[in-house]
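Enquirer: Sharing a sequence plus its predicted fold:
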Amino acid sequence: SQQGEEDPQALSIQEGENATMNCSYKTSINNLQWYRQNSGRGLVHLILIRSNEREKHSGRLRVTLDTSKKSSSLLITASRAADTASYFCATDARTPLVFGKGTRLSVIA
Amino acid sequence: EAQVTQNPRYLITVTGKKLTVTCSQNMNHEYMSWYRQDPGLGLRQIYYSMNVEVTDKGDVPEGYKVSRKEKRNFPLILESPSPNQTSLYFCASRRDRGGEKLFFGSGTQLSVL
């Protein structure tokens, strides 16, 4: 029952540029969450946006949610080499959190 | 420090030899879950537990068992491991069933020969 689907699968940018990742999902949700995973390590929660919110900010992160299009985007501004990681969206509905396959971000110094 | 502790970090075993991966959280969380992560398939949920003595199947429960006798512990048991269970496993917990973020363990890389 994989719900979230991230796009693109992989993204490579220069340090200082912005990185945008998208997530599409299929059914109604209570909230949508973004997580980060450094190579082979546990996922770390970045930000949660509720279904009645349209935009949320946390430091260099900006998340938007469009429930009519069933999509979300994660923007990382002024990226750094340390932002290199995989990013996952997870949808929270009546069933427990369901994760997408992730976007692999490479930030080149 | 609030954390989810998984052990072992790496495990190599042979087909059919029973094994247990332990998971413990120190945050008094009600909800705990196991995921496996495979290349190209993302994270898939194996089992979850909403409280002590309450467990439910996730998307890929075949070949796995869990138990939740205490709130803090949620071990994953492979009674007869097979090579297709070679994967990276994660335990996670959160305060209750919905609306909260998940805390993840560091992962267990399992190889079944």
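Expert: Nice, I can see it.

Enquirer: drop to CA atoms for contacts and neighbour counts, all remaining ones
Expert: Noted.

Enquirer: quick check: longest strand of chain B.
Expert: Ranked by number of residues, the top strand in chain B under DSSP state E is strand B:42-51.

Enquirer: Show me which positions of the very next helix or strand once past it end up buried.
Expert: As assigned by DSSP states H and E, the chain's next helix or strand after strand B:42-51 is strand B:54-57. For strand B:54-57, a neighbour-count test (16 or more other C-alpha atoms under 10 Å in any protein chain shown) marks B:55, B:57 as buried.

Enquirer: and strand B:54-57, is it in reach of chain A?
Expert: No: Strand B:54-57 stays clear of chain A (C-alpha under 8 Å from any C-alpha of the partner chain), getting no nearer than 10.5 Å.

Enquirer: Okay, now the sheet partners of that strand, with direction.
Expert: According to DSSP bridges, strand B:54-57 forms sheet pairs with strand B:42-51 (antiparallel).

Enquirer: next one: the partner strand to chain centre, how far?
Expert: 7 Å (C-alpha atoms, centre = their mean, to the nearest Å).

Enquirer: buried ones in it?
Expert: B:42-51.

Enquirer: Alpha carbons of that strand, in PDB - could you do that?
Expert: The C-alpha coordinates for strand B:42-51 follow below in PDB (Å, rounded to 0.1, in the frame of the first residue of the first chain):
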ATOM      1  CA  GLY B  42      11.700   2.100  -0.400                       C
ATOM      2  CA  LEU B  43      10.500   1.400   3.200                       C
ATOM      3  CA  ARG B  44       7.900  -1.200   3.600                       C
ATOM      4  CA  GLN B  45       6.200  -1.800   6.900                       C
ATOM      5  CA  ILE B  46       6.400  -5.300   8.400                       C
ATOM      6  CA  TYR B  47       4.500  -5.100  11.600                       C
ATOM      7  CA  TYR B  48       3.300  -2.400  14.000                       C
ATOM      8  CA  SER B  49       2.000  -2.200  17.500                       C
ATOM      9  CA  MET B  50      -0.300   0.400  19.000                       C
ATOM     10  CA  ASN B  51       0.200  -0.700  22.600                       C
END
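
Enquirer: what's the spacing between the residue nearest the centre of chain B and chain A?
Expert: Chain B has B:Trp34 as the residue nearest its centroid, 3.0 Å off, counting by C-alpha atoms, centre = their mean. B:Trp34 sits 11 Å away from chain A, going by C-alpha to the nearest C-alpha, to the nearest Å.

Enquirer: Contact partners for that residue?
Expert: B:45-48, B:76, B:89-92 (C-alpha atoms under 8 Å, 6 or more residues apart in numbering or on different chains).

Enquirer: of all those, which two lie farthest apart?
Expert: B:Tyr48 and B:Tyr89 (13.4 Å; C-alpha to C-alpha).

Enquirer: Low-confidence ranges, the chain, go.
Expert: Went with chain A since none was named. Scanning chain A for pLDDT under 70 picks out A:1-3, A:94-95.

Enquirer: sorry, should have said chain B
Expert: Checking chain B against pLDDT under 70 turns up B:97-99.

Enquirer: and it, which of its residues are near chain A?
Expert: B:40-45, B:59, B:88, B:90, B:97-99, B:101-107.
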